[in-house]
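Asks: Need a 3D model of the sequence below.
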Amino acid sequence: MEGTFLVTGASKGLGRSLAISIAKSGGTVIALARNSVELTDVEAELKSLTENSIAVSCDLSNPSDISNTAKFIVSKFEHLSGIVHNAGMINPIGNMLEIHRSEWERAIQVNLIGVQDLTSSLDAVIGGENHTRITTISSGAAQRSLHGWSSYCVSKAGLDMWTNCMAEEGTAENISALAIAPGIVDTGMQEEIRNADESSFPLLQNFKDYHANGELVNPDDVARKLLSYCIGKSGKNGDRLDVRNL
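Replies: All right, here's what the predicted structure looks like:
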């Protein structure tokens with residue numbers, strides 16, 4: 001497989017697994033995440049698979065960081081065959097009338113506004129003569145309100161509609177878009193959920209039980225199921241899929 005694919009939130013969890021899965025299939029990967037030792041590590045692994053793969057440090061809560069990152073990518077790559085918008089944050093977990101605006105706003109920025117900002121800033125290297133597949137990582141929280149998860153539920157619901165809009169408008173630009181809910185994956189986000197305060201998250205024990213009972217899914221297994229969709233080999237434009245049905 002040829003092509004260059006951008007994966008956000010690629011330093012750990014499902015993003016890391018997706019990035020490595022794409023590289024193992026022959027794709028060049030741009031692994032995007034906040035600066036960390038994990039990001040350095042994943043870059044080394046990706047380069048061992050496809051030498052032109054790189055890691056790029058970017059904080060999606062920072063608009064200027066997004067702008068600089070997009071300019072760098074456009075200067076280095078002629079075309080992106082795919083973008084996987086995987087980065088996201090669950091916090092703040094708390095009663096919505098008690099959460100500080102800055103916390104709620106940051107979550108919406110990372111989970112939704114940053115997706116639009118980054119994608120539009122990469123307009124010069126997506127679509128056109130060659131197709132680009134844009135994949136967003138959705139959640140059951142996009143379709144179900146969960147007490148304590150207001151910013152996450154709202155941003156994921158918005159992300160699903162963003163994907164629909166991209167599918168609608170992207171057709172003329174040779175861009176397709178779909179959303180995939182990955183199920184309950186064993187990632188750092190699940191650990192954050194288990195550390196929440198039960199007074200503001202009544203379903204806390206359920207998530208502790210998922211972990212204790214071994215019900216969390218390995219991110220590598222999810223990545224293998226998602227691969228053909230993320231590289232544009234499977235799925236219809238505008239689809240919203242659930243990994244458990246794939």
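
Asks: quick one: the helices in the protein?
Replies: Using DSSP state H, the helices found in the chain span residues 13-24, 37-49, 63-76, 101-108, 114-121, 150-170, 188-194, 204-212, 219-230.

Asks: looking at those helices, which is closest to Ser139?
Replies: Evaluated with CB to CB, the helices of the chain place helix 150-170 nearest to Ser139, the distance being 4.6 Å. Using the backbone N, CA and C atoms, a C-beta is placed for each residue, glycine as well.

Asks: Just send the helices of the chain back as a markdown table, with mean pLDDT, mean neighbour count and distance to Asp242 too.
Replies: Below are those laid out as a markdown table (pLDDT from 0 to 100; neighbours: other CB atoms under 10 Å; distance: least, CB to CB, whole Å):
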| stretch | mean pLDDT | mean neighbour count | distance to Asp242 |
| --- | --- | --- | --- |
| helix 13-24 | 98 | 26 | 15 |
| helix 37-49 | 97 | 16 | 27 |
| helix 63-76 | 98 | 16 | 29 |
| helix 101-108 | 97 | 15 | 23 |
| helix 114-121 | 98 | 20 | 20 |
| helix 150-170 | 98 | 19 | 12 |
| helix 188-194 | 95 | 16 | 18 |
| helix 204-212 | 96 | 14 | 17 |
| helix 219-230 | 97 | 20 | 11 |
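
Asks: Over to stretch 85-102 now: how far is its first residue from its last?
Replies: End-to-end distance of stretch 85-102: 23 Å, with CA to CA, to the nearest Å as the criterion.

Asks: now stretch 183-200
Replies: Start-to-end span of stretch 183-200 (CA to CA) is 23 Å.
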